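Enquirer: model this:
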Amino acid sequence: MADDGLLQGVGQVSRQVRDIEASTAWYRDVLGLTHLYQFGALSFFDCGGLRLYLQQNAEAGPESVLYFRVADIHAAHEALSGRGVEFIQVPHLIHRHEDGVEEWMGFLNDLEGRPLAVMARKRG
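Expert: Presented below is the predicted three-dimensional model:
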């Protein structure tokens, strides 16, 4: 792939956990990560500009998802689709923060079927 600047770096890594409350406390209080926010069974931390996303799942496994930051998620979806990438979930709104900032994500798999995502933040 050409170095066209479409993907701007990894913005988020996810980890499945069995107990969101215990895990949130551990990552915040034991590891000392900055807790950004939590809603439901999802909890987010800042790791020096990289976001860690914990999701509760009784069958928690070791797989992580790489989330690539993009400036314009719809343009990235169009460009990647034009390169033959098949999206499992097209870009869609994930969460709207109180300040109006929206989190958008689209999901795809790599060649071996492992999960990847593109992500963008924008004003509503």
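Enquirer: Output the below-cut-off pLDDT ranges for the chain.
Expert: Across the chain, the ranges flagged by pLDDT under 70 are 1-2, 60-62, 111-112.
Enquirer: hmm, try it at 80
Expert: The chain contains residues with pLDDT under 80 at 1-3, 60-63, 111-112, 114, 124.
Enquirer: any chance you could map the strands in it?
Expert: In the chain, the strands defined using DSSP state E lie at 10-17, 34-39, 42-47, 50-56, 66-69, 87-96, 101-109, 115-123.
Enquirer: The longest one to strand 34-39, inter-axis angle?
Expert: Angle of strand 87-96 versus strand 34-39, following axes from the mean of the first three to the mean of the last three Cα atoms, to 10 degrees, is 100 degrees.
Enquirer: If Met119 is in a bridge, with which residues?
Expert: Listed beta-bridge partners, Met119: Arg69, Met105 (assigned using DSSP bridges).
Enquirer: Can you get me a residue count around it?
Expert: By other Cβ atoms under 10 Å, the residues close to Met119 number 22. C-beta: built from backbone N, CA, C; applies to glycine.
Enquirer: With distance to Ser81 as extra columns, can I get the strands of the chain in TSV?
Expert: Output for the strands of the chain, formatted as TSV (distance: least, Cβ to Cβ, whole Å):
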stretch	distance to Ser81
strand 10-17	20
strand 34-39	30
strand 42-47	27
strand 50-56	24
strand 66-69	15
strand 87-96	7
strand 101-109	9
strand 115-123	11
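Enquirer: Looking at those strands, which is nearest to Asp4?
Expert: Evaluated over these, closeness to Asp4 peaks at strand 66-69, with 13.1 Å, by Cβ to Cβ.
Enquirer: Contacts for the biggest helix by length in the chain next, please.
Expert: Ranked by residue count under DSSP state H, the longest helix found in the chain is helix 73-82. Contacts to helix 73-82, defined as Cβ atoms under 8 Å, 6 or more residues apart in numbering, come from residues 6-7, 70, 87, 90-91, 104-106, 108, 118-120, 122.
Enquirer: Fine by me, thanks again.
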